[in-house]
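Q: Build the 3D model from these lines:
(2 chains)
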Amino acid sequence: MNVLIILIPVSIILGALGLCGFLWTLRSGQYDDAAGSAARLLLDDEEPCDE
Amino acid sequence: MTMVAACPGCAAAPMALKHAENHAAPALVLSLPTIHCAACIGKVERKLNALPQVDTARVNLSLKQLSVHGADVDADTIVAELKSIGYEAYPLDATLLETRQDTVGRNLMVRLAVAGFAMMNVMLFSVAIWSGASDTTRELFHLISATISLPAVLYCGQPFFASAWSALRVRGLNMDVPISLAILLATGMSLFEVMNGGAHAYFDAALSLTFFLLIGRYLDHHTRSSVRSAAKELAALEVRTAQRIENGEAVKTPVSELAVGDRLLIPSGVRVPVDGTLDSTQAISDRSFLTGESAAITLAQGQQVQAGEINLGAPFEMTATAVGDDTTLRRVATLVEMAENSRNSYTNLADRAARIYAPAVHLLAFISFLAWVWINGDVRHALNIAVAVLIITCPCALGLAVPAVATAAIGRLYSMGFLVKSGTALERLAEVDIAIFDKTGTLTLAGANARLDSLTSQQAAIVKGLAQASDHPVSRALVAALPTAVAAPLTDIAEVGGSGMQALYKGQTVQLGRGDWIGASFNGLGLKVGDDPAIALPLRETPREGVEAALNGLRDLGVPSQILSGDKQDAVSALALQLGVKDIQAEISATDKHAYLSKLQHEGHHVVMVGDGLNDTAALAAAHASVAPSSALDASRNAADVVMLRESLDGFPLLIRIARSTSQLSKQNFAIAAGYNAIAIPVALLGYATPLLAAIAMSASSITVIANAMRVRFIK
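A: Okay, here's the model as predicted:
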């Protein structure tokens, strides 16, 4: 059962990471225009890099 | 090192980020109703970002809006540019839009995410405990659960605590009181149990309760805010500029900057922005918004022009005598907004349920506590049972039942072109048993429609020749009704103000105008050629598309229709005959409309009022439920519960049907929730409730309720 001492913190930290990730996407406005974001995926880059 | 500038692509990529960070209000917001795909976004943004005066332009596809940042961007240029690539664009009044972000919605979402995270983790430990963890393992798991739950519950439950507290402060009870009590007691009791090594802890129940209820709260908020922003966009679409004459030239000026004494130019087909007096010798104006009268009125120099009228004739000039809130239109609108709104006293279904439910639940928990103390004298055990009763009966499904159905129904109706402003509007619409329609602008559209099949080709040619020479709306309708006729060659054409047109045709006098003017026996429009008897030209109003289908559909639903109009008796009866409506009242004023409606409601009827003009506004506000077309005046749209975004009326019966099924589904959901309680409460009262049972009952009832709500989407 000693493995729990490692596994429990690991599972909670992983969950908390997911939560932080979600909160970051929320705060940076990624859900403000769901339809637009889906469509923008299909757009070409404005200009290709010509390096 | 200036490596960055070497690559234009790399320079363009941060543009998007820059825009996202650009929190300053955009210089310009436009509505783009026809935009729908990725190619549209690309085309619009590329075109505008290439303009020198534009900093950034970004399309929001969900809102179908475009925001443009830039120092001196001009609405007209942008609209012209967009038109050149095939997109209609309408500038929005940015001050009326909600530019600040939806902080309340985001706040709820954060709480929802935290509650979901905490619930999942605690549930993992709970599953371990339910499957038999004991002794120190159980105590450890309980302790970890407590560490996660306590801050999570205190943070996520705040919306409920705040609402419950505000109800308790005024000595009232709402649904949030039993909710808060259950959440807090469950957490507190579980903490006490854990400290004392008890077997049962309800942390997972407290968290899943919070989680499910937050979903309901978020749905509710989301529906209301998206409908509100759609209504705001409708208001912001209205043109708020006028042509002010400065040094002999017309200059575009915002209406808010007009002052008394300004001279204005009113182009054809445009709504008069302020009250004033007419400077031109003559004007033809549509006052139907104020009076309901469909016929255009002719104004002479020096006469009053009121804000809200539409110029039907040639452009005219006027001098402003009242602006802003002093115009008749604003004064009446303000009066209506301040007038007592009968709906303020309407209690929605959820609150009515809460009034019975909340005291009953509290009483039940309290009695079970007393009973168990009396039975075995163990206060801790009795308290445990009371908390279990509170958790099991917590109105989780009730909190979810109404918002879930309303969100699904309002979303469905929005896609059909009905903007429903509140969930209670649907409940009220479900109860209506009489529909009252305004005529002009609601059942009919602006502009006349002439039946000219019986004319000979020569007569038609004369009518067209005479009508072409005039700006009067009736003349325009006649020209439109004779698309194939070739205008007859006429000489000496003259317009006789208020009567009609007169000319010479092959030496004969020909006249087109009012019956009494051309010497006919009828009153309406007529044509007289030389000495022949006058011919009547029947003019009809154009009914709105789908009117007949709507009225028939309403009749089938048991909602008879009536017409109340400020227009002349014969105009109203003609339309009523055509549509098969028996109950009509013509030539009645705004106060009469209001009085008639109140009388019907006192007799116990529930009336839905459909109207668009200022003369309907009082009636719209007084009716049990009200609907306005999107072409209605601001004041009418504000007073109405539902705004019809589409021109056609044929979806109207479906609106009522969906409203009825919505309230039926809400009631079903209450029944489902009550059913679960009926099974779980006796178990809890007898002391057999376990955290596992509480978790199952709660999740199952919430999921059933949401699934049942989704059935709104399939109503035909």
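
Q: Would you point out which residue is most central in the chain?
A: Here I'm looking at chain A. residue A:21 (5.0 Å; CA atoms, centre = their mean).

Q: Chain B is the one I meant
A: Nearest to chain B centroid, counting by CA atoms, centre = their mean: residue B:419, 3.5 Å.

Q: gap between that one and residue B:332?
A: Using CB to CB, to the nearest Å, residue B:419 is found at 23 Å from residue B:332. Glycine gets a C-beta too; all of them are placed from N, C-alpha and C.

Q: Just list the residues touching whatever residue of the stretch 601-716 of chain B ends up closest to chain A, thanks.
A: Going by CB to the nearest CB, chain A is nearest to residue B:645 of the stretch 601-716 of chain B, at 18.4 Å. Taking CB atoms under 8 Å, 6 or more residues apart in numbering or on different chains as the criterion, residue B:645 is in contact with B:234, B:417-419, B:630.

Q: mind giving me TSV with those residues and columns for secondary structure and pLDDT?
A: Shown next, in TSV, are the contacts of residue B:645 (DSSP: H, G, I helix; E, B strand; the rest coil; pLDDT from 0 to 100):
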residue	secondary structure	pLDDT
B:234	helix	72
B:417	coil	82
B:418	strand	87
B:419	strand	85
B:630	coil	80
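
Q: Partner strands of the host helix or strand of residue B:504, with direction?
A: Assigned by DSSP states H and E, residue B:504 belongs to strand B:500-505. Strand B:500-505 has its sheet partners listed here by DSSP bridges as strand B:491-496 (antiparallel), strand B:508-514 (antiparallel).

Q: Point out the most buried one among those strands.
A: Mean neighbour count (mean count of other CB atoms under 10 Å in any protein chain shown) peaks for strand B:508-514 among the strands paired with strand B:500-505, with a mean of 20.

Q: Is residue B:665 in contact with residue B:710, as I believe?
A: No: under the criterion of CB atoms under 8 Å, residue B:665 is not in contact with residue B:710, lying 9.4 Å apart.

Q: okay, those two: which has more neighbours?
A: residue B:665 (24 against 12; other CB atoms under 10 Å in any protein chain shown).

Q: Extract the C-alpha trace of stretch B:477-485 and format it as PDB.
A: Coordinates of each C-alpha in stretch B:477-485 appear next as PDB, following Å, rounded to 0.1, in the frame of the first residue of the first chain:
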ATOM      1  CA  ALA B 477     -47.300  51.100 -55.800                       C
ATOM      2  CA  LEU B 478     -49.300  51.500 -59.000                       C
ATOM      3  CA  VAL B 479     -46.200  51.700 -61.100                       C
ATOM      4  CA  ALA B 480     -44.900  48.600 -59.400                       C
ATOM      5  CA  ALA B 481     -48.200  46.800 -60.100                       C
ATOM      6  CA  LEU B 482     -47.900  47.600 -63.800                       C
ATOM      7  CA  PRO B 483     -44.500  46.300 -64.800                       C
ATOM      8  CA  THR B 484     -45.400  45.400 -68.400                       C
ATOM      9  CA  ALA B 485     -47.500  48.500 -69.300                       C
END
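
Q: Run the chain-centre distance for that stretch.
A: Stretch B:477-485 has its C-alpha centroid displaced from the chain centroid by 38 Å (CA atoms, centre = their mean, to the nearest Å).

Q: Check stretch B:590-608 too.
A: For stretch B:590-608, the distance to the chain centre is 23 Å (CA atoms, centre = their mean).

Q: List the buried residues for the helix or strand of chain A with the lowest mean pLDDT?
A: Sorting the helices and strands of chain A by mean pLDDT, DSSP states H and E puts helix A:34-40 at the bottom, at a mean of 82. Neighbour-count burial for helix A:34-40, counted by 16 or more other CB atoms under 10 Å in any protein chain shown, picks out A:36, A:39-40.

Q: Which ones among these also lie next to chain B?
A: Contacts with chain B within the buried residues of helix A:34-40, as defined by CB under 8 Å from any CB of the partner chain: A:36, A:39-40.

Q: In CSV, list these along with distance to residue B:324.
A: Output for those, formatted as CSV (distance: CB to CB, whole Å):
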residue, distance to residue B:324
A:36, 37
A:39, 42
A:40, 42
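
Q: With respect to residue B:472, which of those is nearest?
A: Nearest to residue B:472 out of those is residue A:36 (CB to CB; 47.3 Å).

Q: isn't that closest one right up against residue B:41?
A: Yes: using CB under 8 Å, residue A:36 is in contact with residue B:41, at 6.6 Å.

Q: Between the two, which contacts overlap?
A: B:59, B:61.

Q: Show me the shaky parts of the chain.
A: Just so you know, I chose chain A. A:1, A:45-51 (pLDDT under 70).

Q: look at chain B instead
A: Counting by pLDDT under 70, the ranges of chain B that qualify are B:1-24, B:94-101, B:236-239, B:292, B:294, B:333-347, B:395-397, B:423, B:446-453, B:497-498.

Q: can I see the domain layout of it?
A: For chain B, automatic domain parsing gives the domain ranges B:14-92, B:241-338, B:395-445+B:543-716, B:452-537.

Q: In CSV: the ones you listed, plus distance to residue B:225.
A: Putting the domains of chain B into CSV (distance: least, CB to CB, whole Å) gives the following:
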stretch, distance to residue B:225
domain B:14-92, 12
domain B:241-338, 21
domain B:395-445+B:543-716, 12
domain B:452-537, 41
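
Q: mind checking the longest helix of chain A?
A: helix A:3-27 (DSSP state H).

Q: and that helix, anywhere near chain B?
A: Yes: Helix A:3-27 comes into contact with chain B (CB under 8 Å from any CB), by way of A:4, A:8, A:11-12, A:15-16, A:18-19, A:22-23, A:26-27.

Q: and the residue lying closest to residue B:669 once chain neighbours are set aside, what is it in contact with?
A: Leaving aside its sequence neighbours, residue B:669 sits nearest to residue B:401 (CB to CB, 6 or more residues apart in numbering or on different chains; 3.5 Å). The contact partners of residue B:401, by CB under 8 Å, 6+ apart, come to B:350, B:666, B:669-670, B:672-673, B:705, B:709.

Q: what do you get for residue A:22?
A: The contact partners of residue A:22, by CB under 8 Å, 6+ apart, come to residue B:113.

Q: what's the answer for residue B:562, then?
A: Contact analysis of residue B:562 by CB under 8 Å, 6+ apart lists B:434-437, B:581, B:583-585.

Q: any idea which element it lies in?
A: Element membership of residue B:562 [criterion: DSSP H and E] is strand B:561-564.

Q: where along the stretch 301-450 of chain B do the strands fall?
A: B:304-305, B:310-311, B:316-322, B:418-420, B:434-437, B:444-450 (DSSP state E, counting those that start in this stretch).

Q: Tell me which strands the fourth one pairs with, and in which orientation.
A: Taking DSSP bridges as the criterion, strand B:418-420 sits next to strand B:642-644 (antiparallel) in its sheet.

Q: How far off centre is the partner strand?
A: Counting by CA atoms, centre = their mean, strand B:642-644 comes out at 5 Å from the chain centroid.

Q: in it, what's buried?
A: Residues of strand B:642-644 classed as buried by neighbour count (16+ other CB under 10 Å): B:642-644.

Q: Which residues does that strand contact?
A: Against strand B:642-644 from outside (CB under 8 Å, 6+ apart): B:231, B:234, B:413, B:417-421, B:425, B:429, B:625-630, B:632, B:637, B:651-652, B:655.

Q: Over to stretch B:169-183?
A: B:153, B:157, B:160-161, B:163-164, B:167-168, B:206, B:209-210, B:213, B:350-351, B:353-355, B:357-359, B:361-362, B:390-391, B:393-395, B:398-399.

Q: before we move on, back to that, just the closest of the contacts of residue B:645 to residue B:542, please.
A: Using CB to CB, residue B:630 comes nearest to residue B:542 of the contacts of residue B:645, at 17.4 Å.

Q: how about the nearest residue to the closest one, chain neighbours excluded?
A: Distances taken as CB to CB, 6+ apart put residue B:645 closest to residue B:630, at 5.1 Å, once the chain neighbours are dropped.
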